[in-house]
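>>> With the input below, show me the fold.
(chains A and B)
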Amino acid sequence: MTRKQKRLGVIAGGLAFLGLAMGLTFYALGQRTSYFYMPTDLATQAVPPGQRIRLGGLVEKGTVVRGQGTEVSFAVTDETRSVPVVFAGILPDLFREEQGVVTEGSFRSDGIFMADSVLAKHDETYMPKEVADGLKAQGLWQEN
Amino acid sequence: MIEAGHFALVLALALALVQSTVPIVGSRINDARMMAVAAPVALVSFALIALAFLALTWAYVTSDFSVVNVWENSHSQKPMLFKITGTWGNHEGSMLLWVLILALFSALVAVFGRNLPDQLKATVLAVQGWIAAAFLLFILVTSNPFARLVPAPFEGQDLNPILQDVGLAVHPPLLYLGYVGFSVSFSFAVAALIEKRIDAAWARWVRPWTLAAWIFLTGGIAMGSYWAYYELGWGGFWFWDPVENASFMPWLSGTALLHSALVMEKRSALKIWTVLLAILTFSLSLLGTFLVRSGVLTSVHAFATDPTRGVFILGILTLLVGGALALFAWRAHALTAGGIFQPISREGSLVLNNLFLTTATATVLIGTLYPLLMEALTGDKISVGAPFFNLTFGSLMVPLLIAVPFGPLLAWKRGDLYAAAQRLAWALGGAILVALLIMLFVDRTMLFAALSIGLAAWLMLGAATDLVLRSGVGSQPWSVVRRRLWGLPRSAKGTALAHFGLGVTVVGIVATVAFQTERIVIMKPGDTIDFAGRQLRFERVEPFAGPNYTEDQARFTLISGNRDVGTLVAAKRLYTARQMPTTEAGILTRGFSQAYVALGDPSGDGSWVVRAWWKPMVTLIWLGPCLMMAGGLLSISDRRLRVGAPARRRSQPVPAAAE
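All right, here's what the predicted structure looks like:
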């Protein structure tokens, strides 16, 4: 092989490899990402049970029930609609009623959202960005 | 003092502008006096920025709340260590640290670069000057740490409690030394393009700087991971959080750069690619700075969001990266192609390494930017999390890790894969044995985990193979082996140690992910639970008051084989100034494994939600990077790489080694 052919071979091999990797990447982007919903979004867009999504909103006042074993249940609301959530585990330190929260998990067939993670805030003044945007879109929250 | 700091910073900006222009003009018109300006100016601007930094630190130490920055992030009751480290526990101070370290590296180039050709040195320092000028301007215009507050409040608002930890003393400085350290490779690359000249000597100068930055970045990332692990109370060590990815991308491409610079130094090949990688690596550092500091991401690292800052950093990013890449496109062809080699050779294996590492960097980049892009384009809010990265990054790493042991065993120019495979046979045997033992004695159902640990064993044994063969273990008497081992080049030993450390990390990750036991239970003091073949006894809860917090401490005893083996103290802590609660995990290290207990909510009747993990081999995740750093240090101390050491003649002629 001449030097030129060899170089072409290397470049073709590299490109094929890169193509493969990009194919894998975009396959994974299609399969392994989760969309963000506010409770009101769920009224118009059906999410099949078992599909992983992130659900955000405010923790509805008076809905937090602890002490059913290690499970905690609460409702996530955007003041228009609310969705019941069950979470097994330890809630983040700054989880409070009427505070912004983002949970990740999937719906059970009975319409209860089983969260496997509840986003921890790092700072008491911080509102999850998605929730802030969602509430702002509905005119329910303003930046101070 | 504060005003002096502010003034010093303004002066530093003026000097940075001098440093960016005078030397480079000098190198163009070949004026030695203009070029000689670079080094002293770099030293003085470092001194000025250090003065500014000390002024801010002093304001923190003395709790001078007339400074807005101190008022917002400090408190008179805060322990002294956190007053000092709090200097960079906020946006403004952290940017000041960034620029301080940049100036430090410029000063180091000025001091240690005495053997550099005058023109190259002047140009490199000028490019460093551009970066410094851009970021000093950024600090002075958008993020002034020295702004005053009238009237001065009596008490500050305290530092975010999560940051009140020794981690803050170690993680940011190390990370920045790595991040910003890559600016030197970047400046050398840009200088090479401006000078249209690049040779093996260039690579010999660039490699120690890259290696030093890489060592720091490795330490910074590992330290950040351990900090998140024990501080957040979630028991995880890596979350594929965009902010973590921001530091991981320069590490991946920096690792690639380290390896390609090797090819360039030894064989004078891959010149253009190495220059491109050097530019890309620092570009990723800048991108990381943008992602973390601009507020496009919400995380513990984004202290405050201010859109003007984001736009400003984006401007710097575009200008520096765009400019460097445009220069590359314009000038790269002027750099002559180097030596040729067979695909099966040391060079070939290093190209393979680069192919995998840069592709891995690209997948992490796509995963990190995709949600931002989607939101900007369609308004959809999506999250790309661990499942994506585990699939893409994971599948790229497996073939790379399989290939690693072959590299050092292949000869330069033309290697013999079959011979290398023969020499690695015992390592393969060992790896298979390890996988079988795990299947038999640990868990029969975990085929994938067993294979992964086998892969890690392959890495570790493979890394040892090179040293074993070269020192003659088994075929020579011990005294000869010892002498030979001592006589081996430190860079070879460094390589083996770093690759071994990589294997150690893989063992830690796989063992923790696959074999950890997690239990979430309700416990009252006096209760005992079984977990992972051990027992955990909840002893008691008692109140405790720290310097600026109060907490409920829960004491647990770990029992193994009816013997008490140690105490864990987990706590629910309340920082009084901000009224902010935190969870302090109780951790007990046994061998390489750890028991980890986090406290949940009390239920009123004296019982608590308790989350307990047994994490086998978890400390290896961070010991591995320590070994990699040690390998890097060993390599950097190699006589042939020593900064400024005159290049020795080699048996193979190195073309155009500039002396």
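>>> Now B:Phe182: which helix or strand?
Per DSSP states H and E: B:Phe182 is located in helix B:167-195.
>>> With only the CA atoms kept, save stretch B:250-268 in CSV.
Below are the C-alpha coordinates for stretch B:250-268, written out as CSV (Å, rounded to 0.1, in the frame of the first residue of the first chain):
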residue,chain,number,x,y,z
PRO,B,250,-10.9,18.4,29.9
TRP,B,251,-9.6,15.4,31.8
LEU,B,252,-10.5,13.0,29.0
SER,B,253,-9.0,15.1,26.3
GLY,B,254,-6.1,16.1,28.5
THR,B,255,-5.4,12.4,28.9
ALA,B,256,-5.5,12.0,25.1
LEU,B,257,-3.1,15.0,24.8
LEU,B,258,-0.7,13.4,27.2
HIS,B,259,-0.5,10.4,25.0
SER,B,260,-0.3,12.1,21.7
ALA,B,261,2.4,14.5,22.9
LEU,B,262,4.4,11.3,23.7
VAL,B,263,4.2,10.2,20.1
MET,B,264,5.2,13.7,19.0
GLU,B,265,8.1,13.9,21.3
LYS,B,266,9.5,10.4,20.5
ARG,B,267,8.6,10.0,16.9
SER,B,268,7.8,13.5,15.6
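>>> Please identify the buried residues of that stretch?
With burial defined by 16 or more other Cβ atoms under 10 Å in any protein chain shown, the residues of stretch B:250-268 counted as buried are B:250-268. C-betas here are computed from N, CA, C, even on glycine.
>>> where do the helices sit along the stretch 401-550 of chain B?
Secondary structure of the stretch 401-550 of chain B (DSSP state H, counting those that start in this stretch): helices at B:417-423, B:425-441, B:447-471, B:478-487, B:490-515.
>>> who wins for proximity to B:Trp273 among these?
Among the helices of the stretch 401-550 of chain B, helix B:490-515 comes nearest to B:Trp273, with 20.3 Å by Cβ to Cβ.
>>> Please name every helix or strand in contact with the closest one.
The contact analysis (3 or more Cβ pairs under 8 Å, 6 or more residues apart in numbering or on different chains; DSSP states H and E) places helix B:490-515 against helix B:447-471, helix B:620-636.
>>> and it, average pLDDT?
Throughout helix B:490-515, pLDDT has a mean value of 95.
>>> what's the answer for stretch B:408-425, then?
Stretch B:408-425 shows a mean pLDDT of 89.
>>> Identify each buried residue in it, please.
Buried residues in stretch B:408-425 (16+ other Cβ under 10 Å): B:408-410, B:412-413, B:415, B:420, B:423-424.
>>> Pull up the distance across that stretch, start to finish.
End-to-end distance of stretch B:408-425 (Cα to Cα, to the nearest Å): 15 Å.
>>> for stretch B:53-70, same thing?
Length of stretch B:53-70, first residue to last, Cα to Cα: 13 Å.
>>> Pull out the buried residues from it.
Neighbour-count burial for stretch B:53-70 flags B:53-61, B:63-65, B:67-70 (criterion: 16+ other Cβ under 10 Å).
>>> Count the neighbours of residue 22 for me.
The chain I'm using is chain A. A:Met22: 15 surrounding residues under other Cβ atoms under 10 Å in any protein chain shown.
>>> My question was about chain B, not that one.
The local packing of B:Val22 (other Cβ under 10 Å) involves 21 other residues.
>>> Phi, psi for the nearest residue to it once chain neighbours are set aside please.
Distances taken as Cβ to Cβ, 6 or more residues apart in numbering or on different chains put B:Val37 closest to B:Val22, at 4.8 Å, once the chain neighbours are dropped. The phi/psi pair for B:Val37 (degrees, to the nearest 10) reads phi -70, psi -30.
>>> and the gap between B:Val37 and chain A?
43 Å (Cβ to the nearest Cβ, to the nearest Å).
>>> Surely that residue touches B:Thr21?
No - B:Val37 is not in contact with B:Thr21 according to Cβ atoms under 8 Å; the separation is 9.6 Å.
>>> Compare those two (neighbour count), which wins?
Counted by other Cβ under 10 Å, B:Val37 and B:Thr21 do not tie: B:Val37 has more neighbours, with 20 against 16.
>>> residues touching that one, list them.
Contact analysis of B:Val37 by Cβ atoms under 8 Å, 6 or more residues apart in numbering or on different chains lists B:18-19, B:22-23, B:26.
>>> Wait, a strand at A:Arg66?
Yes - when DSSP: H, G, I helix; E, B strand; the rest coil is applied, A:Arg66 is found to be in a strand.
>>> how about the residues of the stretch 451-600 of chain B that lie near chain A?
Proximity of the stretch 451-600 of chain B to chain A (Cβ under 8 Å from any Cβ of the partner chain) is limited to residues B:520-522, B:578-583, B:598-600.
>>> if you set the cut-off to 7 Å instead, what comes out?
B:520-522, B:578, B:580-583, B:598, B:600 (Cβ under 7 Å from any Cβ of the partner chain).
>>> Select from those the one having the most neighbours.
If you rank those by neighbour count (other Cβ under 10 Å), B:Ala598 sits at the top with 25 neighbours.
>>> That residue: what secondary structure?
Secondary structure, three-state DSSP: B:Ala598 is strand.
>>> Next one: it from A:Ile90, what distance?
6 Å (Cβ to Cβ, to the nearest Å).
>>> Would you mind listing the residues touching both of those two?
Counting by Cβ atoms under 7 Å, 6 or more residues apart in numbering or on different chains, the contacts common to B:Ala598 and A:Ile90 are B:Arg611.
>>> for stretch B:583-598, which positions count as buried?
The neighbour-count check on stretch B:583-598 (16+ other Cβ under 10 Å) flags B:583-588, B:592-598 as buried.
>>> SS state for residue 42?
As the question left the chain open, I've gone with chain A. Recorded secondary structure, A:Leu42: helix (three-state DSSP).
>>> So what's the residue count around it?
Quick note: A:Leu42 (other Cβ under 10 Å) scores 18 neighbours.
>>> do the same with B:Ala32
Considering only other Cβ under 10 Å, B:Ala32 is surrounded by 11 other residues.
>>> need the contact list for it.
Here B:Ala32 is in contact with B:Asp118 (criterion: Cβ under 7 Å, 6+ apart).
>>> That one and chain A, how far apart?
Using Cβ to the nearest Cβ, B:Ala32 is found at 42 Å from chain A.
>>> now do B:Leu325
Distance from B:Leu325 to chain A, by Cβ to the nearest Cβ: 19 Å.
>>> pretty sure that residue is in a helix, no?
Yes - remark: B:Leu325 belongs to a helix, assigned using three-state DSSP.
>>> Quickly find the element holding the residue nearest the centre of chain A.
Centroid check for chain A by Cα atoms, centre = their mean gives A:Arg54 as the closest residue, at 2.4 Å. Assigning secondary structure by DSSP H and E places A:Arg54 in strand A:53-59.
>>> Tell me which stretches of the stretch 551-659 of chain B form strands.
Counting by DSSP state E, counting those that start in this stretch, the segments of the stretch 551-659 of chain B that form strands are B:563-575, B:580-584, B:586-590, B:593-602, B:608-615.
>>> which stretch in the ones you listed is the model least sure about?
Going by mean pLDDT, the lowest-scoring of these is strand B:580-584, which has a mean of 87.
>>> Direction included, what does that one pair against?
Strand pairing for strand B:580-584, using DSSP bridges, gives strand B:563-575 (antiparallel).
>>> Dihedrals phi and psi, A:Thr70?
According to degrees, to the nearest 10, A:Thr70 has phi -100, psi 0.
>>> which residues does it contact?
For A:Thr70, the contact set (Cβ under 7 Å, 6+ apart) comprises A:88, B:520-522, B:609.
>>> Having no further points to raise, I will conclude here.
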